[in-house]
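In: Quick one: sequence and predicted model below, then my questions.
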Amino acid sequence: MNPAVTTIQVATAAPYTVRIGTGPGTWSQVVELATGARRVAVIHPDGLAQRAQALLQVLNEAGHETHTIAVPDAEQAKSVDVATFCWTVLGREGFTRTDVVVGLGGGATTDLAGFVAATWLRGVRLVQVPTTLLAMVDAAVGGKTGINTSEGKNLVGCFHEPVGVVCDLELLGSLPRAELVSGLAEVVKCGFVADPVILDLIEGDPQAAVDPGSDVLRELVTRSIAVKARVVSADLRETGAGGGVGRELLNYGHTFGHAVERVERYQFRHGAAVAIGMRYVAELAHLAGHLDRDLADRHRRVLDLVGLPTTYVPGRWEELLTGMRVDKKTRGDELRFVVLDDLARPVVLTAPDPALLTAAYAEILR
């Protein structure tokens, strides 16, 4: 694998760069992004304490005063209680507007770290260091931050762009296979909504797609980040700026997927839920006359190739419907789904016939 750092520009009002490299040397990029800060706080899950210490050492050697903030793993970190704990540490250590917060971890950690950085003193610098595939291609890029409530996922949050994102692909080698596979759901999503070459790469060599050391996975990561960078550069706040679907296309599969996570009390991997959500909206789009049968079936085939689920259990429809109604994409009482008219041609389906919604659910039952 080429050890050189690949850079992708995110051209928003506050532009920044995503840096993709391999090995500990990649972390020197964090030092560059923290230039001018006296204090740096690294927010990380308990399970990454050793990685956090290695990053702290790099920052200490560069002359920064460092602080570590350990938080629970996965979605348990995304609560107001945990955010309050982080604010307490920043206050106790005297963090000012010129200091920096670093989010080191998966998507839940980067969401939390972004929210903490956005709300401390109404906004301090944020550097994201995603350690999972899911976080690299989705959560750490784009400026969305948030925490969960008992009513739903990411319902409290704000936009706060990082000053930079540093992706060390070597970290993917230490991920459990299930975690790596989960992240591929967001990669597959990018293939269907914007870059079909991603689907071709997976279909051409599915084993390489789940090999953390392969050139194929590196290209999948790079292409997926490039898709997100283009989309958020044009429509950061999901307003549909410039016409078309805008940033909302990145929610493909997420309306149903987030409902699955809610029903499963957030014990379900995000990528697995999104995979089921993509299969659901593919069936919904077909039933609504948007998508032909072969492309709807291609969703199942591609997801199957990398080991992602494409079916769900019966008897949960009312709970799922309730979850979808509190989704952030809902407008008033109208459900909204991003669907495809064709490959890389996303559109928004608003207030579909309830009969179609239940019929699509029936199509994905085990």
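Out: Cool, got the structure.
In: CA atoms for contacts and neighbours, from now on please.
Out: Will do.
In: can you give me the strands in the stretch 251-366 of the chain?
Out: 336-342, 345-350 (DSSP state E, counting those that start in this stretch).
In: Nearest to residue 229, out of those strands?
Out: Closest approach to residue 229 among the strands of the stretch 251-366 of the chain (Cα to Cα): strand 345-350, 17.1 Å.
In: Name the surrounding residues that touch the closest one.
Out: 193-194, 244-245, 249, 334-341 (Cα atoms under 8 Å, 6 or more residues apart in numbering).
In: please redo it, this time with the cut-off set to 10 Å
Out: The contact list for strand 345-350, computed with Cα atoms under 10 Å, 6 or more residues apart in numbering, reads 192-194, 244-246, 248-250, 252, 281, 284-285, 288, 290, 330-331, 334-341.
In: Buried members of those into PyMOL, please.
Out: PyMOL command restricting the contacts of strand 345-350 to the buried ones, with burial defined by 16 or more other Cα atoms under 10 Å:
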select buried, resi 192+193+194+245+246+248+249+250+252+281+284+285+288+290+330+335+336+337+338+339+340+341
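In: Residue 322: which of the strands of the stretch 251-366 of the chain is closest?
Out: The nearest among the strands of the stretch 251-366 of the chain, by Cα to Cα, is strand 336-342 at 13.6 Å.
In: Distance from that closest one to the middle of the chain?
Out: 19 Å (Cα atoms, centre = their mean, to the nearest Å).
In: next one: stretch 114-132
Out: Computed by Cα atoms, centre = their mean, the chain-centroid distance of stretch 114-132 equals 15 Å.
In: ok, now stretch 247-255?
Out: 11 Å.
In: Let me have the strands of the stretch 251-366 of the chain in CSV, adding mean pLDDT as columns.
Out: Converted to CSV, the strands of the stretch 251-366 of the chain look like this (pLDDT from 0 to 100):
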stretch, mean pLDDT
strand 336-342, 96
strand 345-350, 95
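In: which regions of the stretch 151-300 of the chain sit below the pLDDT cut-off?
Out: Applying pLDDT under 70 to the stretch 151-300 of the chain flags residues 240-243.
In: Try it again at 80.
Out: Within the stretch 151-300 of the chain, the stretches with pLDDT under 80 are 151-153, 237-244.
In: could you pull out the helices for it?
Out: Taking DSSP state H, counting those that start in this stretch, the helices of the stretch 151-300 of the chain run over residues 177-193, 197-204, 206-209, 215-234, 254-263, 270-287, 293-305.
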